[in-house]
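Asker: no sequence on this one, just coordinates:
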C-alpha cells in the first residue's frame, strides 16, 4: 500500500456520468482487482467500521437491538432471514432519512418535519404499544437505523482517495 498503482486503470472522463447499468464490466473488474490487490478495500472497510463505532448515534448498538427485537418477537427465525430483514430496514431508513434531509433543505425545518431525526417521541416508546426492550422497527420513527450521513461522508472521502490512487482519468486530450 505504500506505493501507487504501477498500472492504473484508465477511466474515460465520460465515466462520471455512468450508471451501474452503463459501466463497462471489464473496467469495473479491473478497478476492483486493483483495489483488492493494493489493500484499499481493507482500508475502506476499516474506515467504515471506525466511523460507525466513533459516531455518537451508537449505530452498531441500534442494529444489534433491532436484530434482537426481530428475533424475540418471532418476526424472523433464521439467521439469513434476520440479515435480509435488517439490511432491508437499514436501506429503508437510509432512503427515508435522505428524502427527509432533502425536504428539510427545501423547507428550512418548518414545523411539519418535527419527526425527522427521531426527536418526536422523546423516550423511544412513541406510538408503538407493547414494545420489547426498546423495540425498534421500521415503523417506529424514533428508531433510526439509517447510516449516519457523517459516516457516509467519511467513507466516501476515503473511497475517493483510494480510487484516485488506482485510476487515471483519460480526458481524451492525448489523441493526436
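Answerer: Happy to help now that I have it. Bear in mind that the values here come from a model prediction, so they are computed numbers and not experimental data.
Asker: Give me the contact list for stretch 30-43.
Answerer: 1, 5, 8, 9, 11, 44, 158, 162, 163, 165, 166, 167 (C-beta atoms under 8 Å, 6 or more residues apart in numbering). For every residue, glycine as well, the C-beta is placed using N, CA and C.
Asker: got the residue ranges for the strands in this structure?
Answerer: Along the chain, counting by DSSP state E, strands occupy 9-12, 167-170.
Asker: With mean neighbour count and mean pLDDT as added columns, please give the ones you listed in CSV.
Answerer: Output for the strands of the chain, formatted as CSV (neighbours: other C-beta atoms under 10 Å; pLDDT from 0 to 100):
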stretch, mean neighbour count, mean pLDDT
strand 9-12, 16, 83
strand 167-170, 15, 82
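Asker: Please convert these to CSV, extending it with distance to residue 64.
Answerer: Shown next, in CSV, are those (distance: least, C-beta to C-beta, whole Å):
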stretch, distance to residue 64
strand 9-12, 38
strand 167-170, 36
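Asker: Show me the one of the ones you listed that comes nearest residue 65.
Answerer: Residue 65 lies closest, by C-beta to C-beta, to one member of the strands of the chain: strand 167-170, at 39.4 Å.
Asker: what pairs with that closest one, and is each one parallel or antiparallel?
Answerer: strand 9-12 (parallel) (DSSP bridges).
Asker: just the helices in the chain please.
Answerer: Secondary structure of the chain, counting by DSSP state H: helices at 25-37, 40-54, 59-73, 79-107, 149-166.
Asker: Let me know the angle separating the third one from helix 149-166.
Answerer: With axes from the mean of the first three to the mean of the last three C-alpha atoms, to 10 degrees defining the directions, helix 59-73 sits at 120 degrees from helix 149-166.
Asker: who touches stretch 156-170?
Answerer: Residues from elsewhere that reach stretch 156-170, judged by C-beta under 8 Å, 6+ apart: 4-5, 8-13, 15, 31, 34-35, 38, 40, 43-44, 47.
Asker: Cheers, nothing more for now.
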